[in-house]
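Trainee: Here's a sequence, model it:
(one chain, ligands or ions: 1)
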Amino acid sequence: MRKKIVAGNWKMNKTLQEGLALSKELKELLENKTINCEVVVGTPYIHLSEVAKVVEGSKIHVAAQNCANKESGAYTGEISASMVASTGADHVILGHSERRAYYNETAELLKEKVELALSNKLIPIFCVGEVLEERESEKHFDVVAKQLKDSLFELSKEDFAKIVVAYEPVWAIGTGKTASADQAQEMHAFIRKTLADKFGEEIADNTSILYGGSCNAGNAKELFSNPDVDGGLIGGASLEADKFLPIIEAFN
Ligand code: PEP
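Mentor: Predicted coordinates for the structure are as follows:
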């Protein structure tokens, strides 16, 4: 059975103190609740180890938002997958459209990052998604298939089975425009079929595919009720506990 997951992506927000306060609040809010999904918070690098300590023993997992494509060495300013893992984080968001667009992350680079994440026992949350122009010209399925193929299709079945995929239409990220439940389901089903053709039905069935793009308390339930939508990757609405909690509770 694939996991239901609600993952927050704080992006470049929150000082260390603010991030710790948010993690504590979330941990306390979740303490006495029955929740039916895994919860992940994707924090800036410098927060990882402190946040991991705060949430230790709780239902919350910690993710980095990136990692280097090199193991170690003279790469000033970079953070390796083994460093991320040493903080207590157990996930890493890779291929986010902001990294692809603003930092020129290519499919080849992401392939290297995914491999290093896996070899350091981090679970990659691998993001794919089309820009508006690609959707309007009906290239969105081809674009997403290529993103999957170019960065993930050389993985063994065993390694691919550890990946979480996040479909994030770029036109919906931070814009307040959400994919409709039908658009999300259509793409998620396509992704699952693409994965089944490559890795087999069983692995595709067990892969969690999250939706991301202006997901919030008001639309999460409808989006998550689709058979192929296994949760969400949440940006803006993960920055306040009282906005993030109802998204987690959308699975109740
Ligand atoms: C994201 O950055 O992954 C995201 C989905 O952002 P938002 O929820 O703010 O659209």
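Trainee: Spatially central, which residue of the chain would that be?
Mentor: Against the mean C-alpha coordinate of the chain, by Cα atoms, centre = their mean, the closest residue is Ile125 at 4.0 Å.
Trainee: My understanding was that it contacts Val40; is that so?
Mentor: Yes. Shown here, Ile125 and Val40 form a contact pair, counting by Cβ atoms under 8 Å, at 7.5 Å. Heads up, the C-betas are built off the backbone N, CA and C, glycines and all.
Trainee: out of everything not next to it in sequence, what's closest to the residue in the stretch 101-250 of the chain that the ligand sits nearest to?
Mentor: Minimum separation of the stretch 101-250 of the chain from the ligand (Cβ to the nearest ligand atom) falls at Gly235, amounting to 2.2 Å. Excluding its sequence neighbours, the residue lying closest to Gly235 (Cβ to Cβ, 6 or more residues apart in numbering) is Asn9, at 5.0 Å.
Trainee: Let me see the contact set for that neighbour.
Mentor: Gly42, Ala63, Gln65, Ile93, His96, Gly212, Leu233, Ile234, Gly235, Ser238 (Cβ atoms under 8 Å, 6 or more residues apart in numbering).
Trainee: One more: Glu78?
Mentor: Ala68, Lys70.
Trainee: likewise Gly8?
Mentor: Going by Cβ under 8 Å, 6+ apart, Gly8 touches Val40, Val41, Gly42, Ile234, Gly235, Ser238, Leu239, Phe244.
Trainee: Based on its surroundings, how many neighbours for the last one?
Mentor: Okay, so that is Phe244. Residues lying near Phe244 (other Cβ atoms under 10 Å) number 24.
Trainee: what's near enough to touch it?
Mentor: Val6, Gly8, Leu26, Ile234, Ala237, Ser238.
Trainee: For stretch 61-76, what is the distance to the chain centroid?
Mentor: Centroid separation between stretch 61-76 and its chain, computed with Cα atoms, centre = their mean, to the nearest Å, is 16 Å.
Trainee: So for that stretch, what gets flagged as buried?
Mentor: Within stretch 61-76, the residues that qualify as buried are His61, Val62, Ala63, Ala64, Gln65, Asn66, Cys67, Ala68, Asn69, counting by 16 or more other Cβ atoms under 10 Å.
Trainee: same thing with stretch 76-83?
Mentor: In stretch 76-83, counting by 16+ other Cβ under 10 Å, buried: Ile79, Ser80, Ala81, Ser82, Met83.
Trainee: before we move on, what about stretch 80-100?
Mentor: Those would be 80-85, 87-100, for stretch 80-100 by 16+ other Cβ under 10 Å.
Trainee: Mark which of those are part of helices, please.
Mentor: Among those, DSSP state H puts Ala81, Ser82, Met83, Val84, Ala85, Ser97, Glu98, Arg99, Arg100 in helices.
Trainee: Which two among those are spaced furthest apart?
Mentor: Farthest-apart pair in those is Ser82 and Ser97; separation 25.9 Å (Cβ to Cβ).
Trainee: re earlier: including pLDDT, distance to the ligand and secondary structure, could the buried residues of stretch 61-76 go into CSV?
Mentor: Output for the buried residues of stretch 61-76, formatted as CSV (pLDDT from 0 to 100; distance: Cβ to the nearest ligand atom, whole Å; DSSP: H, G, I helix; E, B strand; the rest coil):
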residue, pLDDT, distance to the ligand, secondary structure
His61, 98, 16, strand
Val62, 98, 16, strand
Ala63, 98, 11, strand
Ala64, 98, 14, strand
Gln65, 98, 9, coil
Asn66, 98, 12, coil
Cys67, 98, 17, coil
Ala68, 98, 20, coil
Asn69, 98, 20, coil
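Trainee: Next, give me the two most distant ones among those.
Mentor: His61 and Asn69, at 23.0 Å, using Cβ to Cβ across the buried residues of stretch 61-76.
Trainee: okay, stretch 77-88 in CSV with CA atoms only?
Mentor: The C-alpha coordinates for stretch 77-88 follow below in CSV (Å, rounded to 0.1, in the frame of the first residue of the first chain):
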residue,chain,number,x,y,z
GLY,A,77,28.6,26.7,-0.5
GLU,A,78,27.2,23.2,-1.3
ILE,A,79,25.6,20.7,1.1
SER,A,80,26.0,17.0,0.4
ALA,A,81,23.4,14.3,0.8
SER,A,82,25.5,12.7,3.5
MET,A,83,25.5,16.0,5.4
VAL,A,84,21.8,16.3,5.1
ALA,A,85,21.4,12.7,6.4
SER,A,86,23.7,13.4,9.3
THR,A,87,21.3,16.1,10.6
GLY,A,88,18.5,13.6,11.2
